[in-house]
Each structure stands twice: as C-alpha cells, then as structure tokens.
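>>> Next one to model:
(2 chains)
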Protein chains: 2
Amino acid sequence: MSPDPIARLVALLARLPGLGDKSASRLVYFLLRGSPDYARELGRAIAELPDQVLRCGQCQDLGASDPCRICADPERDRTLLMVVEEPHDVRALERAQSFRGLYHVLHGTLSPLLGRGPEQLTLDALWRRLKKGEVKEVILALNPHVEGDATAVYLAEQLQGLPVKVSRLARGIPVGGDLEYLDSGSLNQAIRGRRQMGE
Amino acid sequence: MSPDPIARLVALLARLPGLGDKSASRLVYFLLRGSPDYARELGRAIAELPDQVLRCGQCQDLGASDPCRICADPERDRTLLMVVEEPHDVRALERAQSFRGLYHVLHGTLSPLLGRGPEQLTLDALWRRLKKGEVKEVILALNPHVEGDATAVYLAEQLQGLPVKVSRLARGIPVGGDLEYLDSGSLNQAIRGRRQMGE
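Numbers count the residues shown, from 1 in each chain, chains lettered A, B, ... in the order given. This is a model prediction of the structure:
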C-alpha cells in the first residue's frame, strides 16, 4: 500500500480516459469533502464490477445475468435480430423504445488497420443463433463510420444464401455520429426507416 | 443491490463533478474492457479513502498521517508559515519545490454571500500555532479571487499586534487563476517575490 492514499488514488483515476492528474485530484478532494458513505458505495460498485457483470451466452451483451434480461424476455420478437457494435449501443436503442426484437453485440468492428479481423468479433455465436432458423431478419445497426460500414458490408456478404432478410438502419443517423449519443427520436426514425441491404 | 450493476455504477459515477450519464457510461465500459485487477484496485482505493485519509492536527492538511509528513519533517523551517485555502494548494506549492517552511490549510475562504464566516475556517488551530511563538512570518497564499483577497485582508487585520511579519505571494499569480493550475515556475516567482502585507 502506498504511504499517501490521496496520491495513490489520483494516479489510479488519471488512468481513466478523459481524466488527467488535475481533474483526478479534483475528484479525490470532491470525495473527501463529500459523504464517506458515497465514496464507500462508489468504490465497492467499481471493485465488484468485474465479478458482477456477465456476458450473455446468446446476444453477448454485458449485464447482470446470463441469459440477459432481453434474451430471457418471452415478449421479445425472436424473428428480428439487431446486430450492434457495443453494449452501450443496446442501451441507446432500448431507450428509443421502438425495437422489440433481440440483439447481437459484436464487441467491435472489422479494422484491417488495427488488425481486427472477423475472428475478434462474436461471429461464431451469431452464426450459431442464425442456424437455429428462428431469425427472419437481421438488422445491421452499426455506426456510420468507415469501419462500421465495412463490417456491415462483410456481414451482408456472409449472410447471403441464408434464408434471412438483411437490412440496415436508415440514414437518419448523421454520418460521423455515434449511436450512443443520438437522441431517441432520431433512433426511432432510423429503426422505422431501415432498408434492405443492397437497396 | 440493484439488479443491473452497470446502471447502478453509471448512476453513482454521474454524481461526480464534470461527469454526466454518457461519460459515466463510457467509463463503466472502459472498466469492463480493461483489466479486472485495475477495477478492483481503483474501487478499493475509493472505498478506503475516507478511512485512510487523516487531517493533520497541526496544519489541517489531509494525508496519510497525523502529524503529516511535512509537519513531522525536522528539516522544515518552523519560523515560516504559509496559509492556503485547500489541500490541493499544498500539493501545488510542494511541486514548485522552493518553500521549506510549514503550511496551514484553512479549508475554504470567507464568503459572506455563501454564509461562510471565520468560524468555518481552521482559524482556532492557526491562532494556537501562532501563540507558541515559533512562527516569525505568515505568508498568505490565498487565491487571487475576491474571496481569497477578502480572507487575506481579514487575516492580516487579525494578525496585527502579533510579533509576526505578514506577507502575501507576489502578483506573479495571474488574476483570476487558481494556484492549483499554475506552473511551478510562476509559483517559484510568486514565493520569491512575496511582499509585506500593506506594502
């Protein structure tokens, strides 16, 4: 244990994205001025995070249970499968409250430049789900970036020949934007205006 | 315990200053992608912070011990006492490495508007230290804001009649700036160019 608990925590916090030494130091003094119970609860929630969060064996989303709440919900439409890049995309789409199907989280995109190939995405799990024959439409809800587009084109090619319709979200999504930061209205439009792949 | 550990941590993190729901969510997924050991160490450091950090009974600074490392250091010049607003000001001045005296942390400034009077600062402890007669010079190192200036003027008045020289940091400090964000060079200049109060 470091002799100075303040310096130790500043150094740990400064490793978080978007935080430097000085903003980390501000946070530590904010915690010291505030309620000790808040600091204890926050600290415990962070420390327990890796053990409490499970990956759903079906959709590969992260959450409190496996299967996750959405995959286990009998009310969801199992013929619709929305493929997204990251777990936060699922949260954003759920906030829009217009999609009642299931999700599949790729945990990334293809990126030849960064050496990320198909084997680093959760494609095996995706093919396993599609082989069951329940899914009638795959909606590619990837971010409108070069890498998201490349991943969508790759997936559309791989899905050719399977008895599923392949669509992508309508270009109500502003190019260069992130799903996570879109307002629910735009997300609703994009879900409703989805187009058949290749159209 | 909330059923969703991710949503629970996002809500806790969003209470930190400068963090909203979306930046909190980014941090949670950063933690989930990273090493579980880092999340556990960070979480423990936050949870243990309130119990590990002590207030020094002499200078009132926050740190790992009471008396603190600086007050306990026999090499420090006990005739010089630098009065600062907050613990982070001590860190900034120590980084400048030109002051070898002791500190006194007020934990705030006077602010009639916010209802902060002298009784909410650590003034009793300050008078106790001065009564011992060891201190020959009090350096008022308050931030060059309205509240810092008002506090410096109040302290200078209260110190009249005591056998101590009262100085303040030279105006090498840019008006409107914060001690915490100053470069060490400017802090060195301000320490060296300090002027007698009233000059």
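
>>> ok, A:Leu49 - contacts?
Contact analysis of A:Leu49 by CB atoms under 8 Å, 6 or more residues apart in numbering or on different chains lists B:Pro5, B:Ile6, B:Leu9, B:Val28, B:Leu31, B:Leu32, B:Ala39, B:Gly43. Using the backbone N, CA and C atoms, a C-beta is placed for each residue, glycine as well.

>>> Could you point out the helix or strand that follows the strand or helix carrying A:Leu126?
Counting by DSSP states H and E, the element that carries A:Leu126 is helix A:123-131. Per DSSP H and E, helix A:123-131 leads on to strand A:137-140 as the next helix or strand towards the C-terminus.

>>> Please spell out which residues along the helix or strand following that following strand are buried.
Later in the chain than strand A:137-140, the nearest helix or strand by DSSP H and E is helix A:146-159. Buried residues in helix A:146-159, counted by 16 or more other CB atoms under 10 Å in any protein chain shown: A:Glu147, A:Gly148, A:Asp149, A:Thr151, A:Ala152, A:Val153, A:Tyr154, A:Leu155, A:Ala156, A:Leu159.

>>> With stretch A:10-20 instead?
So stretch A:10-20, judged by 16+ other CB under 10 Å, has buried residues A:Val10, A:Leu12, A:Leu13, A:Leu16, A:Leu19.

>>> separation between the first one and chain B?
The span separating A:Val10 from chain B equals 9 Å under the rule CB to the nearest CB, to the nearest Å.

>>> Can you pull out the low-pLDDT segments for chain A?
A:1-3, A:171-172, A:174-175, A:199 (pLDDT under 70).

>>> longest helix in it, by residue count?
The residue-count maximum for a helix in chain A (DSSP state H) belongs to helix A:36-52.

>>> Rebuild the contacts of A:Leu49 as TSV, extending it with neighbour count, secondary structure and distance to B:Gly115.
Shown next, in TSV, are the contacts of A:Leu49 (neighbours: other CB atoms under 10 Å in any protein chain shown; DSSP: H, G, I helix; E, B strand; the rest coil; distance: CB to CB, whole Å):
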residue	neighbour count	secondary structure	distance to B:Gly115
B:Pro5	22	helix	40
B:Ile6	24	helix	40
B:Leu9	28	helix	35
B:Val28	25	helix	37
B:Leu31	22	helix	39
B:Leu32	18	helix	43
B:Ala39	23	helix	40
B:Gly43	22	helix	36
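
>>> ok, and which of these reach chain A?
By CB under 8 Å from any CB of the partner chain, the members of the contacts of A:Leu49 lying near chain A are B:Pro5, B:Ile6, B:Leu9, B:Val28, B:Leu31, B:Leu32, B:Ala39, B:Gly43.

>>> Could I get the contacting residues of the first one?
Applying CB under 8 Å, 6+ apart, we find B:Pro5 in contact with A:Ala45, A:Glu48, A:Leu49, A:Gln52, A:Val53, A:Ala64.

>>> How is chain A partitioned into domains?
Using automatic domain parsing, the domain ranges for chain A come out as A:5-52, A:74-196.

>>> close to chain B, is the last one?
When you say that, I think you mean domain A:74-196. Yes. Using CB under 8 Å from any CB, domain A:74-196 reaches chain B at A:Glu86, A:Pro87, A:His88, A:Arg91, A:Glu180, A:Tyr181.

>>> Can you give me the distance of the third one to B:Ser25?
From A:His88 over to B:Ser25 the distance is 6 Å, taken as CB to CB, to the nearest Å.

>>> Residues in contact with both of these two, list them for me.
Residues touching both A:His88 and B:Ser25 (CB under 8 Å, 6+ apart) are A:Glu180.

>>> Could you verify that A:Val83 is part of a strand?
Yes. Using DSSP: H, G, I helix; E, B strand; the rest coil, the assignment for A:Val83 is a strand.

>>> pretty sure A:Leu169 is touching A:Ala190, no?
Yes. Contact criterion CB atoms under 8 Å: A:Leu169 and A:Ala190 qualify, at 4.3 Å.

>>> of these two, who's got more company?
A:Leu169 (25 against 22; other CB atoms under 10 Å in any protein chain shown).

>>> Now do the more buried one against A:His145, distance only.
Distance from A:Leu169 to A:His145, by CB to CB: 13 Å.

>>> Same question for A:Arg195.
For A:Arg195, the distance to A:His145 - CB to CB - is 18 Å.

>>> So for these two, which residue has more residues nearby?
A:His145 (16 against 11).

>>> Now A:Glu94: phi and psi?
phi -70, psi -40 (degrees, to the nearest 10).

>>> Okay, and the closest residue to it other than its chain neighbours sits in which element?
Closest residue to A:Glu94 apart from its sequence neighbours, by CB to CB, 6 or more residues apart in numbering or on different chains: A:Ile70 at 7.7 Å. Under DSSP H and E, no helix or strand contains A:Ile70.
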